[in-house]
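>>> How does the following fold in three dimensions:
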Amino acid sequence: MNRALALVQSDAEAVLAGRTASLAALRGQHLFISGGTGFLGTWLLELVKVLNERHDFGLRVTVFSRNARAFASRWPHLGSVKWAAFLEGDIRYFSDLPRDVRYIIHAAALTDRRLFASQPGAVAETNSVGTLRLLRAANLLEDLQKFVLLSSGLVYGAQPWEQPQIDENFAGPLRCNEVNAVYAESKRFAEVVAQCAISESKLPVVTLRPFAFVGPYQSLQLPWAVTDFIRDSLNGGPIRIMGDGATVRSIMYASDYAFWVLAALAGGRARETYNVGSPEPIDLRARAGLITQYFSPVPEIRTRVGQVGHDRNRLVPSVAKAATELGLQVTVPLPEAIQRTITWHRHQQSS
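Numbers count the residues shown, from 1 in each chain. Below you'll find the model as predicted:
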């Protein structure tokens, strides 16, 4: 096993240590994951691998994705396991689920913000119609136990600067007459579609609203601040920040993210919504500093680059509901999350 995979396996084992009892409902079950070859889906498979090989869970997984064959080839330690089947297709045209599926995680979506301007129609259709198609297929199952919908923390709209965190009841302004709103609005509509399914068919839907994350398997080509900063640092810098660097986010490590999703699948209350993310705020400038400390020479950090009058904003969740109802907590502090991610990418580059 190469060093990158060893690191991921260690993280998966660590996040599950002493916590598998909360996932007991999943033993021997058939799980369907849409979008199962993306960042989250890959980590879910890593955790299932540990559950099956170290804890005898006997979980079977069907993965549906646009690039299932390429994934199975790139990551054979996941793509060749006997307990996983990979199906390739477009979620917008999905119709049939395996009849014995009892648990579903719907993570299929177009999340690359570069597509919000270049292919907004595809973003809207994939995120909303894809959800509708999968919910209709789920309604035909005889013994569905749980359907977890991955929405987004962006559905909340603008968080007031003076408000430290937002809980599941918060509703801020969102400008729906701009094309850049297509992702947040399509996720809002996906939630409404799920509520329709709950009302009409009593489907056991749990909605999760993820915030920001970092970790192995996260592409450095994605246009997020944390991936930009890591990529630029690996290339020697500089790190470029639009505005003054005061924009605030929180970041959760990938293994915690995947565990929280599995915990919500096993124990989340149907018809409820939970925030998923770290409650600890950090601004862009401080985040860049966390990253550059792991490089020598230390890359330069430049602010106010390329955009005059860039608005500062914040998006930080309250996760009190997940903590109280599901017993969830962040286990990997942000500095350690950053270090592990950089180490993984270095191993990947050298392998």
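>>> Helices along the stretch 51-200 of the chain, start to end?
Here the stretch 51-200 of the chain has its helices, by DSSP state H, counting those that start in this stretch, at 68-74, 76-79, 115-118, 120-138, 182-201.
>>> Just put those helices in TSV and tack on distance to Ile239.
C-beta: built from backbone N, CA, C; applies to glycine. What follows is the helices of the stretch 51-200 of the chain, written out as TSV (distance: least, C-beta to C-beta, whole Å):
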stretch	distance to Ile239
helix 68-74	29
helix 76-79	32
helix 115-118	23
helix 120-138	28
helix 182-201	25
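>>> Tell me the buried residues in stretch 52-60?
Asn52, Phe57, Leu59, Arg60 (16 or more other C-beta atoms under 10 Å).
>>> any chance of the residues you listed in CSV, with distance to Glu300 and pLDDT too?
Formatted as CSV, the buried residues of stretch 52-60 follow (distance: C-beta to C-beta, whole Å; pLDDT from 0 to 100):
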residue, distance to Glu300, pLDDT
Asn52, 46, 98
Phe57, 48, 98
Leu59, 47, 98
Arg60, 50, 98
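>>> May I have stretch 60-79 as CSV, with CA atoms only?
Only the C-alpha atoms of stretch 60-79 are listed here, as CSV (Å, rounded to 0.1, in the frame of the first residue of the first chain):
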residue,chain,number,x,y,z
ARG,A,60,-23.3,-3.8,0.3
VAL,A,61,-23.0,-0.6,-1.7
THR,A,62,-24.3,0.3,-5.2
VAL,A,63,-22.5,3.4,-6.5
PHE,A,64,-24.1,5.5,-9.2
SER,A,65,-22.0,8.1,-11.0
ARG,A,66,-21.2,9.8,-14.3
ASN,A,67,-17.6,8.4,-14.2
ALA,A,68,-18.0,5.1,-12.4
ARG,A,69,-15.7,3.1,-14.7
ALA,A,70,-12.9,5.7,-14.5
PHE,A,71,-13.2,5.8,-10.7
ALA,A,72,-13.0,2.0,-10.4
SER,A,73,-9.8,2.0,-12.5
ARG,A,74,-8.1,4.9,-10.7
TRP,A,75,-8.8,3.6,-7.2
PRO,A,76,-8.8,-0.2,-7.5
HIS,A,77,-8.6,-0.6,-3.7
LEU,A,78,-12.2,0.6,-3.8
GLY,A,79,-13.3,-0.2,-7.3
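>>> tell me which residues in that stretch are buried?
Counting neighbours by 16+ other C-beta under 10 Å, stretch 60-79 gives 60-66, 68, 71-72, 75, 78-79 as buried.
>>> and it, how far from the chain's centre?
Distance of stretch 60-79 from its chain centroid, counting by C-alpha atoms, centre = their mean, to the nearest Å, is 17 Å.
>>> can you check stretch 67-82 too?
20 Å.
>>> On the three-state scheme, the residue nearest to the spatial centre of the chain is what?
The centroid of the chain falls nearest to Leu40 when counting by C-alpha atoms, centre = their mean (4.7 Å). For Leu40, the assignment made with DSSP: H, G, I helix; E, B strand; the rest coil gives helix.
>>> tell me the contacts of it?
Contact partners of Leu40, counting by C-beta atoms under 8 Å, 6 or more residues apart in numbering, are Ala107, Leu150, Pro210, Ala254, Tyr257, Ala258, Val261.
>>> And for Ile198?
Contacts of Ile198 (C-beta under 8 Å, 6+ apart): Val205, Ala270, Arg271.
>>> What about those residues, which one has the most neighbours?
Compared across the contacts of Ile198, Val205 has the highest neighbour count, 26 neighbours, by other C-beta atoms under 10 Å.
>>> distance between the helix-or-strand element of the chain with minimal mean pLDDT and the chain's centre?
Lowest by mean pLDDT, DSSP states H and E among the helices and strands of the chain is helix 115-118, with a mean of 77. Computed by C-alpha atoms, centre = their mean, the chain-centroid distance of helix 115-118 equals 20 Å.
>>> again, but for stretch 247-258
Centre-to-centre, stretch 247-258 and its host chain are 9 Å apart (C-alpha atoms, centre = their mean).
>>> distance between the ends of it?
Start-to-end span of stretch 247-258 (C-alpha to C-alpha, to the nearest Å) is 26 Å.
>>> What's the mean pLDDT across it?
Averaged across stretch 247-258, pLDDT comes to 98.
>>> And for stretch 33-47?
97.
>>> Distance-wise, check Gly35 relative to Val63.
Note on Gly35: its distance to Val63, by C-beta to C-beta, to the nearest Å, is 9 Å.
>>> typo on my end, Pro164
For Pro164, the distance to Val63 - C-beta to C-beta - is 38 Å.
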